[in-house]
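Engineer: Build the 3D model from these lines:
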Amino acid sequence: MTPTFVLTRPQMGENIGMAARAMLNFGVDRMRLVDPRDGWPNQAAVALASGAGRVLDGATVHADLAGALADCTYVYATTARQRDLTKDVFSPEAAMKDATARIAAGGHVAVMFGPERAGLENEDIAQANALISVPVNPEFPSLNLAQCVLLVGYEWMRVSGEVTAQTTELAGGQWASQDEVHHLSRHFEERLDEAGFFFPEHKAESMRLNLRNMWSRMPLTRADVQTLHGMLRQMVRWATRR
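Structural biologist: Numbering: from 1, shown residues only. Modelled structure (predicted):
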């Protein structure tokens, strides 16, 4: 189960559509709309959803915020400014970590987003259990509705364990084995020895050791190894012709 995203009094269908697209980008498909200004359904929302129509199809419309939140067990309200209300304030990352634990325990979590012009009113926020404060430039704290939805959605996907921190695309290739790297190292040493590279003699062993260490640090693919063998052979042929 994912959080429910509640768009409170959204003013433009286009922004609802872009919010739906941002939600589905990160696997969130539970949308509720509170008193959308331009009515519902809205063709402008469908046009801007860009393939996320199923989020809009499943969206429910509510006359007021209390109705939209009635079955929720914990509610976060997004805000970019200080409020005169005593509540826990989470970063988007911390909020979604908290939401993950609450959902795992069987809770129904919602995140409220305010209307485009001014965001949520204090009367709205009073119905939330906690706040999500997005760290933005204090001199320009305004976020588009869909941008805010996207930020929270991304953090949801990240903390729910579906984001790989780092990977390497091998483009169909394979990593070189230790044996293949060893043969490459020997090939270079032999050719460099013939070229008189390991000089003076008392430094030769240290130079060989540094060279082997260099190869071991390189994340080489089999294609890389074959290319380096080929380059070295061609340079030797060129030197011989000269």
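
Engineer: And the spatially most central residue of the chain, how far from Gly13?
Structural biologist: Geometric centre of the chain, nearest residue: Tyr154, 5.6 Å, by C-alpha atoms, centre = their mean. Computed as C-beta to C-beta, to the nearest Å, the Tyr154 to Gly13 distance reads 23 Å. Placement of C-beta: from N, CA and C, glycine included.

Engineer: helix, strand or coil for Phe5?
Structural biologist: strand (DSSP: H, G, I helix; E, B strand; the rest coil).

Engineer: I'd guessed it sits against Met96; true?
Structural biologist: No - counting by C-beta atoms under 8 Å, Met96 is not a contact partner of Phe5; they are 12.0 Å apart.

Engineer: any common contacting residues for these two?
Structural biologist: Residues touching both Phe5 and Met96 (C-beta atoms under 8 Å, 6 or more residues apart in numbering) are Val152.

Engineer: Distance-wise, check Cys148 relative to Glu14.
Structural biologist: 15 Å.

Engineer: of the two, who's got more company?
Structural biologist: Neighbours per residue (other C-beta atoms under 10 Å) separate Cys148 from Glu14, with Cys148 holding more: 25 against 19.

Engineer: Name the residues linked to Phe113 by a beta bridge.
Structural biologist: Under DSSP bridges, the beta-bridge partners of Phe113 are Leu7.

Engineer: got it, and Phe90?
Structural biologist: Counting by DSSP bridges, Phe90 forms beta bridges with Ile132.

Engineer: Could you tell me what pLDDT the model assigned to it?
Structural biologist: On the pLDDT scale, Phe90 is placed at 95.

Engineer: Contact partners for it?
Structural biologist: Tyr76, Asp98, Ala130, Leu131, Ile132, Ser133.

Engineer: Quick check: the farthest pair among the residues you listed?
Structural biologist: Greatest spatial distance among those (C-beta to C-beta): Asp98 and Ser133, at 13.6 Å.

Engineer: so where do the helices sit in this protein?
Structural biologist: Ranges of helices in the chain, per DSSP state H, are 13-25, 43-49, 53-58, 65-69, 92-104, 122-125, 145-159, 178-194, 204-217, 222-241.
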